[in-house]
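Undergrad: Okay, sequence plus prediction incoming.
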Amino acid sequence: MSQIQNIMIDFDKIKDVALRGIIRTSVFMGLGINAARDDHLREYQLSDLMMFRVMPESVDDQTLATFKSEFHQWIVSNGLRELVETFASFLDEIYKACVLIKRNKTKVIHEDVNRSLYKFEKMGVTNKLSLLRSEFSIFTDREKYISSIIKARNCITHRQGKVGPEDIRGKGTFRLVWLGMEIYAETTSGR
């Protein structure tokens, strides 16, 4: 006699994973970029509580400007990383919900479910999207934008903003694409 098992999937909680990450990234990037652009902010040393200093007490304006420029780039890179990691966590939750539904329908063994979840969590975003598409027919028409952002983040983070051969893979150029907002207005006469 098979036993029916009720499962509860809270899609609002899954959506909240993404929303919290987006809000967090927006706030942190705002704080960091505003600090990098603030001409009055000249303190770059760690707290006075530190027992040692790795930087001189003060630096000239050009050196400070270089620090701030590098900090700006670091903030953007970390913002992109935060968005990518948030999206990965969101996909983990989507995959978990799909696996639970599949387990309930097909009576997959619990250990196999845990193994699948563990393996999925270790994948990169591109592979997660591919597996969701192949296993559950879940896909997004935004994949090229996500992939582009991941590649840009890799250039910034791993190659100090330089585009490497692994970023162009025979294409000759690196192309960053993202969604933009287009505004269209029409008069009552149709113009």
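TA: All right, it came through fine.
Undergrad: I figured residue 101 hits residue 7, correct?
TA: Yes. Here residue 101 lies in contact with residue 7, judged by C-beta atoms under 8 Å, at a distance of 7.1 Å. Where C-beta positions appear, they are placed from N, C-alpha and C, glycine not excepted.
Undergrad: Can you pick out the residue with more neighbours from these two?
TA: residue 101 (13 against 9; other C-beta atoms under 10 Å).
Undergrad: After the helix or strand that contains the more buried one, which helix or strand is next?
TA: Using DSSP states H and E, residue 101 falls within helix 61-106. Later in the chain than helix 61-106, the nearest helix or strand by DSSP H and E is helix 110-121.
Undergrad: Check which residues of that following helix are buried.
TA: For helix 110-121, burial by neighbour count (16 or more other C-beta atoms under 10 Å) applies to 116, 120.
Undergrad: which element follows it toward the C-terminus?
TA: Following helix 110-121 toward the C-terminus (DSSP H and E): helix 125-136.
Undergrad: For that next one, which outside residues touch it?
TA: Here helix 125-136 makes contact (C-beta atoms under 8 Å, 6 or more residues apart in numbering) with 84, 87-88, 91-92, 94-95, 98, 102, 120, 123, 138-140, 143, 146-147, 150.
Undergrad: let's go with 7 Å and repeat that
TA: 84, 87-88, 91, 94-95, 98, 120, 123, 138-140, 143, 146-147, 150 (C-beta atoms under 7 Å, 6 or more residues apart in numbering).
Undergrad: Among these, name the buried ones.
TA: Here, 16+ other C-beta under 10 Å leaves 84, 87-88, 91, 94-95, 98, 120, 123, 146, 150 buried among the contacts of helix 125-136.
Undergrad: Take these and write them to TSV, including distance to residue 64 and pLDDT.
TA: Shown next, in TSV, are the buried ones among the contacts of helix 125-136 (distance: C-beta to C-beta, whole Å; pLDDT from 0 to 100):
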residue	distance to residue 64	pLDDT
84	30	91
87	35	94
88	36	95
91	40	96
94	45	96
95	46	95
98	51	92
120	45	96
123	41	96
146	36	90
150	32	88
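Undergrad: Which of these sits closest to residue 182?
TA: Nearest to residue 182 among the buried ones among the contacts of helix 125-136, counting by C-beta to C-beta, is residue 146 at 19.9 Å.
Undergrad: Quick one: distance of stretch 96-108 to the chain centre.
TA: Its chain's C-alpha centre and that of stretch 96-108 lie 27 Å apart, by C-alpha atoms, centre = their mean, to the nearest Å.
Undergrad: And residue 7, how close does it get to residue 59?
TA: With distances taken as C-beta to C-beta, to the nearest Å, residue 7 is found 59 Å from residue 59.
Undergrad: And residue 72, by the same measure?
TA: On the measure of C-beta to C-beta, residue 72 and residue 59 end up 17 Å apart.
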